[in-house]
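S.K.: I would like the atomic coordinates for the input below:
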Amino acid sequence: MDINKTGKTSLKNIIIFAGAYCAFMIGSGYATGQEVLQFFGAYGPDGFIGAAISMLIFAFFGGALMQKGYDLKLKYHTQAFRYYCGKYVGTILEWVTVLFLFSVVSIMIAGTGAIASEFVGIPADAGRVFMAVLCVLTVMLGLMKLADIIGAIGPVIIVFTLGIGLMTLISFHGGWAQNWEVLYDLRATKSWWFAKYAFLDSAWFSGVLYASCMVFGSIPFLTGLGGKANNRKEAFLGGFIGGVALMLAGGLMTAAMLCFPEQVAKLQVPNLFLAQQFAPALAAVFSIILLMGIYSTGAPMFWVVINKLEQWLPNKTAKMAVSVILGIVAFFGAQIGFGKLIGFLYPLLGQVGIIMIIIVFIKVYFMKDKEIGLEREDSDN
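M.R.: Just a heads-up that it's a prediction; the model follows:
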């Protein structure tokens, strides 16, 4: 990441930070459209309410977390949980986040299988094996720099997603379909305790759940990213603009999906279906970009998990063995199914995330910092 360290607010840096934020948030769930479908499209036109609420949470909390990251400049970014929640609860949340990231690796693997089966025409297991092996090899061979380089594809996915949404709306002259109710069974709030309450089994709460889940999982990343900024304003604007861009694309995709509700309801990769409607060649290119985006998300998350366990591993051989074992576990976890994994894990972590963003809000705006043994970067960095 080429950051210009001058002390002054840099538009270039703000754009880089916003792009990095988007790139981190984009995985197989967002890029394929499955997250957008379950959390927004499944509610019909009301999904725009959820998308707007998610945008506000992504923007304001992304900005706040990056701004606080600038203030703290933590040496170990997962310590952010200890800053917000104290030593003991914070340590527990560090491990919850590691487990969540490992679960997301399974989602990345499952997403590759979905693309392989629906648009490449090969067995889903072949795609899953490919991504699982790629993630394991990346960690074992120390190829994280390659994953970081490919991670620059995140903003490209945002641009493609915006383009697909706009082109679908422009080329579809019939207006939104009136039978969007066929999507309702896919809604993210369907299978949880809050489904008993109409007030919570709704588009607005789905928007809260989605953004809370994703922001919760990104706290260490955004804290570290904010520490690279020139000043607090630059850090906040990078997070804010990144959150707006992410959900602007999500809102457009929601609108596009409502043009073809019966078709997208049956698909694991609705975004590629939409691209095929007006530009089949573009869909082929987009499928390759999606796979690159999935890899650039899955491999770093798998690395975080192994890195957290590495302190208990005696040597490189043990690290390699654990990497292979966890890669196999992630592969079999992906067998649950792409859509089912998203529908279960994201609402689950979203509930934890709601509590977390309330704590972040109180800590950032109403409480003074306290030293609790956090290790910080050298002032020269």
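S.K.: Which residues in the helix or strand encompassing residue 52 does the neighbour count mark as buried?
M.R.: Using DSSP states H and E, residue 52 sits within helix 47-72. Going by neighbour count (16 or more other Cβ atoms under 10 Å), the buried part of helix 47-72 is 47-51, 53-55, 57-70, 72. C-beta here means a position set from N, CA and C on the backbone, and glycine is covered the same way.
S.K.: Spell out which residues sit in contact with residue 209, please.
M.R.: 39, 188-189, 346-347, 350-351, 353-354 (Cβ atoms under 8 Å, 6 or more residues apart in numbering).
S.K.: ok, of these, which one's closest to residue 104?
M.R.: Residue 104 lies nearest to residue 346 out of those, by Cβ to Cβ, at 9.4 Å.
S.K.: ok, now how distant is that closest one from residue 135?
M.R.: Residue 346 sits 20 Å away from residue 135, going by Cβ to Cβ, to the nearest Å.
S.K.: other SSEs contacting the helix holding residue 52?
M.R.: helix 11-25, helix 34-39, helix 80-85, helix 203-217, helix 219-226, helix 232-257, helix 338-366 (3 or more Cβ pairs under 8 Å, 6 or more residues apart in numbering; DSSP states H and E).
S.K.: low-confidence ranges in the stretch 101-250 of the chain?
M.R.: Scanning the stretch 101-250 of the chain for pLDDT under 70 picks out 144, 146-151, 173-177.
S.K.: Quick check: residue 303 touching residue 140?
M.R.: No. Counting by Cβ atoms under 8 Å, residue 303 does not reach residue 140; the two are 10.3 Å apart.
S.K.: What's the local residue count around residue 358?
M.R.: For residue 358, the neighbour count with other Cβ atoms under 10 Å is 11.
S.K.: Same check on the one 4 residues further on?
M.R.: Other residues near residue 362 number 11, with proximity taken as other Cβ under 10 Å.
S.K.: got it, and residue 111?
M.R.: There are 33 residues near residue 111, going by other Cβ under 10 Å.
S.K.: Tell me how far it lies from residue 325.
M.R.: 22 Å.
S.K.: which ones are touching residue 167?
M.R.: Counting by Cβ under 8 Å, 6+ apart, residue 167 has contacts 278-279.
S.K.: If you compare the directions of the helix or strand harbouring it and helix 11-25, what angle comes out?
M.R.: Per DSSP H and E: residue 167 is located in helix 153-171. Here helix 153-171 points in a direction 80 degrees away from that of helix 11-25 (axes from the mean of the first three to the mean of the last three Cα atoms, to 10 degrees).
S.K.: Which residue, neighbours along the chain excluded, lies closest to residue 213?
M.R.: residue 350 (3.8 Å; Cβ to Cβ, 6 or more residues apart in numbering).
S.K.: circling back: more neighbours: which of residue 346 and residue 135?
M.R.: Legend: neighbour count by other Cβ under 10 Å for residue 346 and residue 135, higher for residue 135 (29 against 26).
S.K.: okay, now residue 87: neighbour count?
M.R.: 14.
S.K.: what's the distance between it and residue 366?
M.R.: 21 Å.
S.K.: Next: residue 295.
M.R.: 41 Å.
S.K.: Between the two, which has more neighbouring residues?
M.R.: Using other Cβ under 10 Å as the criterion, residue 295 and residue 366 rank with residue 295 on top: 24 against 7.
S.K.: Remind me which helix or strand the more buried one belongs to.
M.R.: Using DSSP H and E, residue 295 sits in helix 280-309.
S.K.: Could you quantify the relative orientation of that helix and helix 11-25 as an angle?
M.R.: Using the same axes, to 10 degrees: helix 280-309 against helix 11-25 is 80 degrees.
S.K.: packing partners for helix 280-309?
M.R.: Packed against helix 280-309 by the contact rule (3+ Cβ pairs under 8 Å, 6+ apart) you find helix 11-25, helix 28-32, helix 87-115, helix 124-140, helix 144-150, helix 153-171, helix 270-278, helix 316-334.
S.K.: wait, which of these is closest to residue 182?
M.R.: helix 270-278 (13.0 Å).
S.K.: pull the CA atoms of the closest one into PDB?
M.R.: Provided in PDB are the C-alpha atoms of helix 270-278 (Å, rounded to 0.1, in the frame of the first residue of the first chain):
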ATOM      1  CA  PRO A 270     -26.600 -13.900  -8.900                       C
ATOM      2  CA  ASN A 271     -24.100 -11.200  -9.900                       C
ATOM      3  CA  LEU A 272     -22.700 -13.300 -12.700                       C
ATOM      4  CA  PHE A 273     -26.300 -14.100 -13.900                       C
ATOM      5  CA  LEU A 274     -27.000 -10.300 -14.100                       C
ATOM      6  CA  ALA A 275     -23.800  -9.700 -16.000                       C
ATOM      7  CA  GLN A 276     -24.700 -12.400 -18.500                       C
ATOM      8  CA  GLN A 277     -28.000 -10.700 -19.400                       C
ATOM      9  CA  PHE A 278     -26.400  -7.900 -21.300                       C
END
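S.K.: Identify each buried residue in it, please.
M.R.: 270-277.
S.K.: Closest one of the residues you listed to residue 7?
M.R.: residue 271 (40.8 Å).
S.K.: Contacts only, for the closest residue to that closest one other than its chain neighbours.
M.R.: In space, and not counting its chain neighbours, residue 271 is closest to residue 33: 3.7 Å by Cβ to Cβ, 6+ apart. For residue 33, the contacting residues are 253, 257, 264, 269-272, 274, by Cβ under 8 Å, 6+ apart.
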